[in-house]
Structures are given as C-alpha cells and as structure tokens.
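In: Any chance you could fold what I've pasted below:
(chains A and B)
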Amino acid sequence: DAGVIQSPRHEVTEMGQEVTLRCKPISGHNSLFWYRQTMMRGLELLIYFNNNVPIDDSGMPEDRFSAKMPNASFSTLKIQPSEPRDSAVYFCASGGQVTSGNTIYFGEGSWLTVV
Amino acid sequence: AQKVTQAQTEISVVEKEDVTLDCVYETRDTTYYLFWYKQPPSGELVFLIRRNSFDEQNEISGRYSWNFQKSTSSFNFTITASQVVDSAVYFCAEGVYNQGGKLIFGQGTELSVKP
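Out: The predicted structure is shown next:
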C-alpha cells in the first residue's frame, strides 16, 4: 500500500519566493496533518484537516503560511513570501477514524532551505 | 494542556546493551493515545506503536517493548540487545481524542548504538 506521499523531497529557494509543498494522504484516511520540524522547536503541528475541513490552524506561524485541502487525496502548504527562518523539514501525515484510535502515518518530509 | 516530556536528550550505548527511553505525558483528557516514532538518519518518521489510554497492557515486539503506566503517566520504551541499526531519534507523542487525534510530540531522544 502506498504511504503518505510528499513532494518535493528537497527544495532550495531564495527569500521572497513562493513555496508550495504537496501531500497525498493514504487512501481512506480522513485526517491530514502538516508538521514542521526544526532544531529549535522540534516537531510542531501547523494545521490539521478532518474530512477536508481545516479544524485547527493555530500552529500556522503567520499569514505567510496557508494550507488547503481541496479533496480527500490532496493537500498543499504554501509559504508566500518565504523567509530564511522558514527553513525546516515539513511533514505531512494522515490518519484514519479518530473513534477507532487512528494511527497517524507520516510522509518522508519536504526539506526546505530558504537562502 | 497536553505535554510530552522526554527527559533524555541523548543516550549512547554499546551494541547488545539494553536501553530504556523514558516518556512522561500530561493530559486532562480521559481518552487519549500514546505513540512512539523512530526517526533514523535518513529523516523519515516511522511509526512504531500506538497505545490507547484504556489499554494498559504492555507490549513486546521482537526486541522492542513498551511499558505503559497511567499511575505515573509514563510510556517507556525498551530496546533489548540494541543494534547499530537502532541508532535514531525516538519520539514519544500523545494524540488527543477530541482534537482530531492531533499529536503532541516530545523533544525526542537521540540514541546512538556503537559497535
């Protein structure tokens, strides 16, 4: 079975450019999460969706960050304009029904460097 | 609020030694889930185990075992006869039932197994 698929795996971009990270969750999962990992802050939740609806975006750092989930099989995380402090690994994860004690599986991450 | 504490930042052992990684969680919820993930040097987050708050049975999977104790809010992870391939950062996380199952992560424990 395919896991969570993220693209790009690596991206280097210049400050001020727009960055779009993409995620395809595991088929049948109805929860999708975007996490960011940095040395300073560890793994922090940015936003999560349930049934394609954003439920909690309190972790989104600022207005430069936006996330969408237009359908059950695709989500994007956009940073516009990007800044060097956005350099991090961005993980997408998906999970099944909460009521069944869903297990959350992660993609391989998108390694972003903003120079 | 939920919080996960992994007090051990780094652990170094010699191959074949047993090692226990500690995890202490805080929560006011009666239903929650606890997870362990492994992050090898390649960077992906690999799911190891999920435990439900209402199931305090300990679990063993090969060289891995987990000790869940609600009385002390701990969910410790033991690797028996460690191997070099166990070298990784290990994260403990708590999932909250009524918040879509989003995960709150500890800061991680970096395990180094030397030959």
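In: Chain A against chain B: which residues are in contact?
Out: A:31, A:33, A:42-45, A:48, A:50, A:55-56, A:89, A:91, A:93, A:95, A:98, A:101-109, A:111 (C-beta under 8 Å from any C-beta of the partner chain). Every C-beta, even on glycine, is put in place using the N, C-alpha and C of the backbone.
In: Buried only: go through those for me.
Out: In the residues of chain A next to chain B, burial by neighbour count holds for A:31, A:33, A:43, A:45, A:48, A:50, A:56, A:89, A:91, A:93, A:95, A:98, A:101-109, A:111, counting by 16 or more other C-beta atoms under 10 Å in any protein chain shown.
In: Looking at these, which are in strands?
Out: Residues of these located in strands (DSSP state E): A:31, A:33, A:43, A:45, A:48, A:50, A:56, A:89, A:91, A:93, A:95, A:104-106, A:111.
In: Find the pair from these with maximum spatial separation.
Out: Comparing all pairs in those by C-beta to C-beta, the longest separation belongs to A:50 and A:111, at 27.0 Å.
In: Give me the distance between the most centrally placed residue in chain A and residue A:21.
Out: The C-alpha lying nearest the average C-alpha coordinate of chain A belongs to residue A:34 (C-alpha atoms, centre = their mean; 3.0 Å). With distances taken as C-beta to C-beta, to the nearest Å, residue A:34 is found 8 Å from residue A:21.
In: Quick check: neighbours shared by these two?
Out: With contacts defined as C-beta atoms under 8 Å, 6 or more residues apart in numbering or on different chains, the residues adjacent to both residue A:34 and residue A:21 are A:77, A:90, A:92.
In: ranking those residues by neighbours, who comes first?
Out: Per-residue neighbour counts (other C-beta atoms under 10 Å in any protein chain shown) across those peak at residue A:92, which has 27 neighbours.
In: What lies in contact with stretch B:53-72?
Out: With contact meaning C-beta under 8 Å, 6+ apart, stretch B:53-72 is reached by B:24, B:29-34, B:36, B:48-49, B:51, B:74-83.
In: Give me the subset of these that also touch chain A.
Out: Applying C-beta under 8 Å from any C-beta to the contacts of stretch B:53-72, those adjacent to chain A are residue B:33.
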